[in-house]
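>>> 3D model of this:
(one chain, ligands or ions: 1)
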Amino acid sequence: MNNRRIQVIDTAVEMRGWVTNAIGRVGLVPTMGALHEGHLSLAQESVAACENTVATIFVNPTQFAPDEDLDQYPRTLDADLNQLDAIGVDVAFVPSVDTMYPNGEEVTIQPPPVARRWEGANRPDHFSGVCTIVEKLFRIIPADIAFFGQKDFQQTRVIMAMVRQLGMDIDLRVCPIVREPSGLAMSSRNQYLTDPDRELATSIHRVLREAQAAAQVRSSSPQAIAREAETKLKDAGISKIDYVAVVDPDSLEPLDTWHPQSVMVVAAYVGSTRLIDNMFLTS
Ligand code: PAF
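Sure, this is the predicted structure:
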(Lines give C-alpha, C1' and ligand atoms only; values in the text may rest on other atoms or scores of the structure.)
Protein backbone atom coordinates (compact mmCIF):
# COMPACT_ATOMS: atom_id res chain seq x y z
CA MET A 1 0.00 0.00 0.00
CA ASN A 2 1.11 3.56 -0.57
CA ASN A 3 -0.53 6.92 0.01
CA ARG A 4 0.01 8.25 -3.46
CA ARG A 5 -2.91 10.07 -5.09
CA ILE A 6 -1.48 9.78 -8.58
CA GLN A 7 -3.40 7.31 -10.77
CA VAL A 8 -1.32 4.83 -12.73
CA ILE A 9 -2.81 3.79 -16.08
CA ASP A 10 -1.28 1.25 -18.43
CA THR A 11 -3.83 0.76 -21.23
CA ALA A 12 -4.51 3.08 -24.14
CA VAL A 13 -8.29 2.69 -23.83
CA GLU A 14 -8.34 3.68 -20.16
CA MET A 15 -5.91 6.53 -20.78
CA ARG A 16 -7.92 8.00 -23.65
CA GLY A 17 -11.11 7.64 -21.60
CA TRP A 18 -9.54 9.53 -18.71
CA VAL A 19 -8.57 12.44 -20.97
CA THR A 20 -12.00 12.49 -22.62
CA ASN A 21 -13.66 12.88 -19.22
CA ALA A 22 -11.17 15.42 -17.86
CA ILE A 23 -12.59 18.88 -17.19
CA GLY A 24 -10.31 21.77 -18.14
CA ARG A 25 -6.97 21.77 -19.93
CA VAL A 26 -4.80 18.68 -20.08
CA GLY A 27 -1.02 19.04 -19.96
CA LEU A 28 1.20 16.19 -21.14
CA VAL A 29 4.77 15.54 -20.00
CA PRO A 30 6.33 12.70 -22.02
CA THR A 31 9.32 11.06 -20.33
CA MET A 32 11.33 7.86 -20.29
CA GLY A 33 11.37 7.87 -16.48
CA ALA A 34 14.48 8.00 -14.25
CA LEU A 35 13.14 11.42 -13.41
CA HIS A 36 15.36 14.30 -12.34
CA GLU A 37 14.83 18.00 -11.66
CA GLY A 38 14.66 18.72 -15.39
CA HIS A 39 11.62 16.43 -15.86
CA LEU A 40 10.06 17.68 -12.65
CA SER A 41 10.31 21.29 -13.85
CA LEU A 42 8.25 20.28 -16.91
CA ALA A 43 5.66 18.62 -14.68
CA GLN A 44 5.56 21.72 -12.46
CA GLU A 45 4.99 23.95 -15.51
CA SER A 46 2.15 21.70 -16.60
CA VAL A 47 0.52 21.61 -13.17
CA ALA A 48 0.72 25.43 -13.05
CA ALA A 49 -0.71 25.89 -16.56
CA CYS A 50 -3.33 23.12 -16.78
CA GLU A 51 -6.13 21.76 -14.62
CA ASN A 52 -4.98 18.20 -15.41
CA THR A 53 -1.50 16.78 -15.93
CA VAL A 54 -0.53 13.42 -17.39
CA ALA A 55 3.11 12.31 -17.32
CA THR A 56 4.14 9.34 -19.40
CA ILE A 57 6.90 6.92 -18.44
CA PHE A 58 7.98 4.69 -21.28
CA VAL A 59 11.50 3.70 -22.29
CA ASN A 60 10.90 3.72 -26.02
CA PRO A 61 12.93 0.92 -27.64
CA THR A 62 12.62 2.28 -31.19
CA GLN A 63 14.67 5.41 -30.46
CA PHE A 64 17.70 3.36 -29.31
CA ALA A 65 20.17 1.87 -31.81
CA PRO A 66 21.11 -1.79 -31.22
CA ASP A 67 24.49 -0.74 -29.75
CA GLU A 68 22.98 1.86 -27.41
CA ASP A 69 21.98 1.70 -23.74
CA LEU A 70 18.34 0.45 -23.92
CA ASP A 71 19.00 -2.42 -21.50
CA GLN A 72 21.01 -0.33 -19.01
CA TYR A 73 18.73 2.71 -19.23
CA PRO A 74 17.84 3.50 -15.57
CA ARG A 75 14.36 2.38 -14.53
CA THR A 76 13.16 3.86 -11.22
CA LEU A 77 9.37 3.63 -11.44
CA ASP A 78 8.54 3.77 -7.74
CA ALA A 79 10.68 6.84 -7.08
CA ASP A 80 9.33 8.46 -10.28
CA LEU A 81 5.73 7.99 -9.16
CA ASN A 82 6.49 9.45 -5.72
CA GLN A 83 8.06 12.53 -7.28
CA LEU A 84 5.23 13.09 -9.76
CA ASP A 85 2.68 12.59 -7.00
CA ALA A 86 4.39 15.17 -4.79
CA ILE A 87 4.13 17.76 -7.57
CA GLY A 88 0.42 17.10 -8.10
CA VAL A 89 0.53 15.19 -11.39
CA ASP A 90 -2.83 13.45 -11.81
CA VAL A 91 -1.94 10.45 -13.95
CA ALA A 92 1.17 8.49 -14.86
CA PHE A 93 0.68 6.60 -18.11
CA VAL A 94 3.04 3.62 -17.90
CA PRO A 95 2.34 1.42 -20.93
CA SER A 96 4.10 -1.80 -21.85
CA VAL A 97 6.05 -2.20 -25.09
CA ASP A 98 3.15 -4.36 -26.40
CA THR A 99 0.66 -1.59 -25.70
CA MET A 100 2.68 0.95 -27.67
CA TYR A 101 3.83 -1.45 -30.41
CA PRO A 102 1.12 -4.16 -30.58
CA ASN A 103 2.64 -5.89 -33.61
CA GLY A 104 6.17 -4.63 -33.33
CA GLU A 105 7.18 -1.54 -35.26
CA GLU A 106 4.82 -1.80 -38.26
CA VAL A 107 4.07 1.87 -38.84
CA THR A 108 6.73 4.53 -38.38
CA ILE A 109 6.95 8.25 -38.87
CA GLN A 110 9.54 9.58 -41.29
CA PRO A 111 11.07 12.51 -39.41
CA PRO A 112 11.16 16.00 -40.96
CA PRO A 113 14.32 17.49 -42.57
CA VAL A 114 15.30 19.30 -39.37
CA ALA A 115 16.12 15.81 -38.00
CA ARG A 116 18.85 15.16 -40.56
CA ARG A 117 21.94 16.70 -38.97
CA TRP A 118 23.52 16.36 -35.52
CA GLU A 119 21.61 13.75 -33.48
CA GLY A 120 19.99 12.48 -36.68
CA ALA A 121 23.34 12.00 -38.41
CA ASN A 122 24.95 10.33 -35.39
CA ARG A 123 21.94 8.22 -34.37
CA PRO A 124 20.30 7.36 -37.72
CA ASP A 125 16.92 5.89 -36.58
CA HIS A 126 16.65 7.91 -33.40
CA PHE A 127 14.24 10.61 -34.57
CA SER A 128 12.04 8.17 -36.43
CA GLY A 129 11.61 6.38 -33.09
CA VAL A 130 10.98 9.65 -31.25
CA CYS A 131 8.42 10.90 -33.81
CA THR A 132 6.66 7.53 -33.90
CA ILE A 133 6.25 7.30 -30.13
CA VAL A 134 5.37 10.97 -29.62
CA GLU A 135 2.74 10.77 -32.36
CA LYS A 136 1.24 7.68 -30.67
CA LEU A 137 1.28 9.40 -27.27
CA PHE A 138 -0.42 12.49 -28.72
CA ARG A 139 -3.18 10.25 -30.11
CA ILE A 140 -3.72 8.30 -26.90
CA ILE A 141 -3.52 11.48 -24.79
CA PRO A 142 -5.15 14.27 -26.79
CA ALA A 143 -3.73 16.98 -24.53
CA ASP A 144 -3.94 20.75 -24.94
CA ILE A 145 -0.25 21.41 -24.22
CA ALA A 146 2.79 19.13 -24.27
CA PHE A 147 5.93 20.09 -22.36
CA PHE A 148 9.46 19.29 -23.54
CA GLY A 149 12.89 20.31 -22.27
CA GLN A 150 15.30 22.54 -24.18
CA LYS A 151 18.06 20.09 -23.26
CA ASP A 152 16.99 18.00 -26.28
CA PHE A 153 16.99 21.07 -28.50
CA GLN A 154 16.87 19.31 -31.85
CA GLN A 155 14.12 16.99 -30.56
CA THR A 156 11.94 20.03 -29.76
CA ARG A 157 12.37 21.34 -33.33
CA VAL A 158 11.69 17.90 -34.83
CA ILE A 159 8.47 17.54 -32.82
CA MET A 160 7.38 21.10 -33.68
CA ALA A 161 7.88 20.32 -37.38
CA MET A 162 5.98 17.03 -37.07
CA VAL A 163 3.05 18.73 -35.31
CA ARG A 164 2.92 21.43 -38.01
CA GLN A 165 3.28 18.97 -40.87
CA LEU A 166 0.61 16.55 -39.58
CA GLY A 167 -1.74 19.38 -38.52
CA MET A 168 -1.88 18.08 -34.95
CA ASP A 169 -3.99 20.12 -32.56
CA ILE A 170 -1.61 20.53 -29.62
CA ASP A 171 0.49 23.41 -28.28
CA LEU A 172 4.14 22.72 -27.49
CA ARG A 173 6.04 24.41 -24.67
CA VAL A 174 9.80 24.24 -24.41
CA CYS A 175 11.10 24.69 -20.85
CA PRO A 176 14.62 25.82 -19.91
CA ILE A 177 17.46 23.41 -19.22
CA VAL A 178 17.87 22.62 -15.53
CA ARG A 179 21.51 22.40 -14.48
CA GLU A 180 23.32 21.00 -11.48
CA PRO A 181 25.18 23.65 -9.42
CA SER A 182 28.33 22.67 -11.39
CA GLY A 183 26.60 23.67 -14.64
CA LEU A 184 26.16 20.09 -15.84
CA ALA A 185 22.81 19.78 -17.62
CA MET A 186 20.49 17.37 -15.79
CA SER A 187 20.12 14.08 -17.65
CA SER A 188 19.04 10.56 -16.72
CA ARG A 189 22.33 9.42 -18.27
CA ASN A 190 24.34 11.46 -15.71
CA GLN A 191 23.85 8.39 -13.47
CA TYR A 192 26.46 6.63 -15.62
CA LEU A 193 29.16 9.23 -14.80
CA THR A 194 31.93 8.46 -12.34
CA ASP A 195 33.13 11.30 -10.06
CA PRO A 196 36.07 12.20 -12.35
CA ASP A 197 33.68 12.05 -15.35
CA ARG A 198 31.32 14.48 -13.62
CA GLU A 199 34.17 16.91 -13.06
CA LEU A 200 35.21 16.65 -16.71
CA ALA A 201 31.62 16.97 -17.91
CA THR A 202 31.35 20.44 -16.38
CA SER A 203 33.75 21.66 -19.10
CA ILE A 204 30.87 21.41 -21.57
CA HIS A 205 28.90 24.10 -19.75
CA ARG A 206 32.02 26.23 -19.26
CA VAL A 207 32.83 26.08 -22.97
CA LEU A 208 29.22 26.97 -23.87
CA ARG A 209 29.34 29.99 -21.53
CA GLU A 210 32.64 31.14 -23.05
CA ALA A 211 31.17 30.78 -26.53
CA GLN A 212 28.17 32.82 -25.43
CA ALA A 213 30.41 35.60 -24.08
CA ALA A 214 32.37 35.67 -27.36
CA ALA A 215 29.19 35.62 -29.46
CA GLN A 216 27.63 38.48 -27.58
CA VAL A 217 30.43 40.81 -28.63
CA ARG A 218 30.54 39.12 -32.09
CA SER A 219 34.30 38.65 -31.57
CA SER A 220 34.42 36.20 -34.50
CA SER A 221 32.18 34.26 -36.87
CA PRO A 222 29.81 31.48 -35.69
CA GLN A 223 31.99 28.86 -37.35
CA ALA A 224 35.19 30.19 -35.76
CA ILE A 225 33.50 30.17 -32.34
CA ALA A 226 32.37 26.57 -32.90
CA ARG A 227 35.93 25.53 -33.86
CA GLU A 228 37.33 27.32 -30.81
CA ALA A 229 34.79 25.54 -28.55
CA GLU A 230 35.77 22.17 -29.99
CA THR A 231 39.46 22.89 -29.32
CA LYS A 232 38.67 23.92 -25.74
CA LEU A 233 36.73 20.69 -25.12
CA LYS A 234 39.65 18.65 -26.45
CA ASP A 235 42.12 20.66 -24.34
CA ALA A 236 39.97 19.91 -21.28
CA GLY A 237 40.25 16.16 -21.99
CA ILE A 238 37.00 15.51 -23.90
CA SER A 239 38.42 13.93 -27.03
CA LYS A 240 35.46 12.05 -28.50
CA ILE A 241 33.21 14.76 -29.87
CA ASP A 242 30.29 13.99 -32.20
CA TYR A 243 29.65 17.65 -33.03
CA VAL A 244 29.99 21.23 -31.87
CA ALA A 245 28.12 23.70 -34.06
CA VAL A 246 26.45 27.09 -34.06
CA VAL A 247 23.08 26.71 -35.74
CA ASP A 248 19.91 28.45 -36.81
CA PRO A 249 17.30 27.86 -34.05
CA ASP A 250 14.60 26.72 -36.49
CA SER A 251 16.34 24.90 -39.34
CA LEU A 252 19.30 23.66 -37.24
CA GLU A 253 21.53 24.48 -40.24
CA PRO A 254 25.04 25.72 -39.36
CA LEU A 255 25.32 29.52 -39.43
CA ASP A 256 27.84 31.54 -41.44
CA THR A 257 26.59 34.82 -40.01
CA TRP A 258 25.01 35.57 -36.66
CA HIS A 259 21.27 35.01 -36.15
CA PRO A 260 19.56 36.91 -33.28
CA GLN A 261 18.94 33.51 -31.65
CA SER A 262 21.99 31.50 -32.66
CA VAL A 263 22.30 28.25 -30.72
CA MET A 264 25.41 26.23 -29.96
CA VAL A 265 24.73 22.47 -29.92
CA VAL A 266 27.19 19.94 -28.54
CA ALA A 267 27.38 16.15 -28.28
CA ALA A 268 30.45 14.50 -26.78
CA TYR A 269 31.50 11.48 -24.79
CA VAL A 270 32.72 11.80 -21.24
CA GLY A 271 34.18 8.40 -20.45
CA SER A 272 31.72 6.06 -22.15
CA THR A 273 28.73 8.34 -21.57
CA ARG A 274 27.39 10.40 -24.45
CA LEU A 275 26.18 13.81 -23.29
CA ILE A 276 24.35 16.52 -25.22
CA ASP A 277 23.95 20.16 -24.29
CA ASN A 278 23.12 23.48 -25.95
CA MET A 279 22.85 27.19 -25.29
CA PHE A 280 21.39 30.24 -27.02
CA LEU A 281 24.45 32.36 -27.72
CA THR A 282 22.97 35.60 -28.93
CA SER A 283 19.51 36.07 -27.37
O1 PAF B 1 12.93 13.19 -24.36
C2 PAF B 1 12.60 12.03 -24.05
O3 PAF B 1 12.69 11.62 -22.89
C4 PAF B 1 12.08 11.08 -25.13
O5 PAF B 1 12.74 11.28 -26.33
C6 PAF B 1 10.55 11.19 -25.32
C7 PAF B 1 10.13 12.55 -25.84
C8 PAF B 1 9.84 10.89 -24.00
C9 PAF B 1 10.09 10.14 -26.34
O10 PAF B 1 10.40 8.84 -25.94
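
>>> hey, let's count contacts and neighbours off CA atoms from now on
Fine.

>>> residue of the chain closest to the ligand, please.
Nearest residue of the chain to the ligand: residue 31, at 3.7 Å (C-alpha to the nearest ligand atom).

>>> run a quick neighbour tally on that residue.
When counting by other C-alpha atoms under 10 Å, one arrives at 18 neighbours for residue 31.

>>> what's in contact with stretch 33-51?
23-29, 31, 53, 55-59, 74-77, 80, 83-84, 87-89, 145, 147-149, 175, 177-179, 186-188 (C-alpha atoms under 8 Å, 6 or more residues apart in numbering).

>>> repeat the analysis, applying 6 Å as the threshold.
Outside stretch 33-51, the residues within contact range by C-alpha atoms under 6 Å, 6 or more residues apart in numbering are 24-27, 53, 57, 74-76, 80, 147, 178, 188.

>>> got the contact list for the residue of the chain closest to the ligand?
Contacts of residue 31 (C-alpha under 6 Å, 6+ apart): 56, 57.

>>> now do stretch 25-38: distance to the chain's middle.
10 Å (C-alpha atoms, centre = their mean, to the nearest Å).

>>> tell me how far the residue of the chain closest to the ligand lies from residue 79.
14 Å (C-alpha to C-alpha, to the nearest Å).

>>> quick one: pLDDT of the residue of the chain closest to the ligand?
On the pLDDT scale, residue 31 is placed at 98.

>>> give me the buried positions along stretch 98-117.
100, 101, 111, 112, 114, 115, 116, 117 (16 or more other C-alpha atoms under 10 Å).

>>> any chance of these in a markdown table, plus pLDDT?
Output for the buried residues of stretch 98-117, formatted as a markdown table (pLDDT from 0 to 100):
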| residue | pLDDT |
| --- | --- |
| 100 | 98 |
| 101 | 97 |
| 111 | 98 |
| 112 | 98 |
| 114 | 98 |
| 115 | 98 |
| 116 | 98 |
| 117 | 98 |
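
>>> need these in TSV with secondary structure, can you?
Formatted as TSV, the buried residues of stretch 98-117 follow (DSSP: H, G, I helix; E, B strand; the rest coil):
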residue	secondary structure
100	helix
101	coil
111	coil
112	coil
114	helix
115	helix
116	coil
117	coil
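
>>> near the ligand too, which of these?
By C-alpha under 6 Å from any ligand atom, no member of the buried residues of stretch 98-117 lies near the ligand.

>>> quick one: residue 197 is in a helix?
Yes: counting by three-state DSSP, residue 197 falls inside a helix.

>>> count the residues that sit near it.
Around residue 197 there are 17 residues (other C-alpha under 10 Å).

>>> skip the chain neighbours and tell me the closest residue to residue 253.
Closest residue in space to residue 253, ignoring its immediate chain neighbours: residue 247 at 5.3 Å, by C-alpha to C-alpha, 6 or more residues apart in numbering.

>>> buried sites along stretch 76-85?
Result for stretch 76-85 [16+ other C-alpha under 10 Å]: buried residues 80, 81, 83, 84, 85.

>>> got a list of what the last one touches?
If a contact means C-alpha under 6 Å, 6+ apart, then residue 85 has residue 6 as its contacts.

>>> do you know how far it is from residue 40?
11 Å.

>>> on that earlier part again, now render the buried residues of stretch 76-85 as TSV, adding pLDDT.
TSV is the format used below for those (pLDDT from 0 to 100):
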residue	pLDDT
80	98
81	98
83	98
84	98
85	98
